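Visitor: Quick one, fold the following:
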Amino acid sequence: MPWRLELLVDRSGLSAFDHRDYVKYWCGALLTNIGSWVQRLTVPYVIFEATGSATWVGIATAAQFLPQVATLPLSGFIADHRPRRSVLLATQTTLAALATALWLMWILGIHAPISMFLIIGVIGMVWGINETSSQAIVNDLAPGKDLLSAVTFNSLQYSGARAIGPGVAGLLLALGGPSWALGLYAVSFYGLILALISIRAGRTAAVAVKESGVTRGFFDAVRYAWN
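Guide: Numbering: from 1, shown residues only. Predicted coordinates:
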């Protein structure tokens, strides 16, 4: 059988979508990640429009990503020791509030770069804490034989958002300006928040986790990966 026809006949690769909780999470996460890419393009754009400086654009990019990298070790520890659904509800609600503050700040005419840097720096920190739980909860939503399908489509969701988000940002900036783009960013979190409220999986913490501090756990993971 030709491989294209075999792919159409065999639905095993789509088995993750047999789990209703996974479908809800996947759709909500796609919307949120598209909104996040809209913000990642909009903030450097408005910074350059305000300052005309490529240096300020570089600082804005660093303010978005460096705090996220710094909090990733803590993110892994939290994902192992706390219910992932609860962690994601907390981080997504916080991100929605911060995104709304960024949007209102722009509407009210508060366009000073330093003010934006402060908010996007905090957004980066919260997003870093969010990151590991957003990956690990996939195991709770589609466990066992369907996990490979779930991980594959979760990666596709991230890649799809990365492809779609910048295009949406450009369209919104051209049609309505930064207020439209930042408004979509603020609204985009609520799809995932509603999905997390409705799903049942991920309500309990991971089991059989070795008790250790954040720092020791991080270096244990580095040694494991190295070996």
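
Visitor: surely H19 meets L147?
Guide: No - H19 lies out of contact with L147 (C-beta atoms under 8 Å); the separation is 10.5 Å. Heads up, the C-betas are built off the backbone N, CA and C, glycines and all.

Visitor: higher neighbour count, those two?
Guide: H19 (19 against 15; other C-beta atoms under 10 Å).

Visitor: got a list of what that one touches?
Guide: Shown in contact with H19 (C-beta atoms under 8 Å, 6 or more residues apart in numbering): 141-142, 146, 150.

Visitor: What pLDDT does the model give it?
Guide: For H19, the pLDDT comes out at 88.

Visitor: Residue numbering should commence at 12 henceforth.
Guide: Sounds good: first residue 12 from here, last item H30.

Visitor: what's the distance between it and N44?
Guide: Between H30 and N44 the computed distance is 20 Å (C-beta to C-beta, to the nearest Å).

Visitor: again, but for R95
Guide: R95 is 17 Å from N44, by C-beta to C-beta.

Visitor: Low-confidence stretches in this protein?
Guide: The model of the chain has pLDDT under 70 over residues 12-23, 213-225.

Visitor: what's the single longest helix in it?
Guide: helix 31-62 (DSSP state H).

Visitor: What helices and strands are in contact with it?
Guide: helix 65-81, helix 95-118, helix 124-152, helix 158-186, helix 189-209 (3 or more C-beta pairs under 8 Å, 6 or more residues apart in numbering; DSSP states H and E).

Visitor: Now distance to D231 too, for those, in CSV please.
Guide: Below are those laid out as CSV (distance: least, C-beta to C-beta, whole Å):
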stretch, distance to D231
helix 65-81, 19
helix 95-118, 20
helix 124-152, 15
helix 158-186, 23
helix 189-209, 29
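
Visitor: show me the contacts for the residue at minimal distance from the centre of the chain.
Guide: For the chain, the residue lying nearest the average C-alpha position, counting by C-alpha atoms, centre = their mean, turns out to be N44 (5.3 Å). Taking C-beta under 8 Å, 6+ apart as the contact definition, N44 lies against 168-169, 172-173, 176.

Visitor: ok, now with 7 Å
Guide: If you count contacts by C-beta atoms under 7 Å, 6 or more residues apart in numbering, N44 has them with 168-169, 172.

Visitor: What's the separation between it and F200?
Guide: N44 is 10 Å from F200, by C-beta to C-beta.

Visitor: how near is S190 to A161?
Guide: In terms of C-beta to C-beta, S190 sits 37 Å off from A161.

Visitor: cool, and Y235?
Guide: 23 Å.
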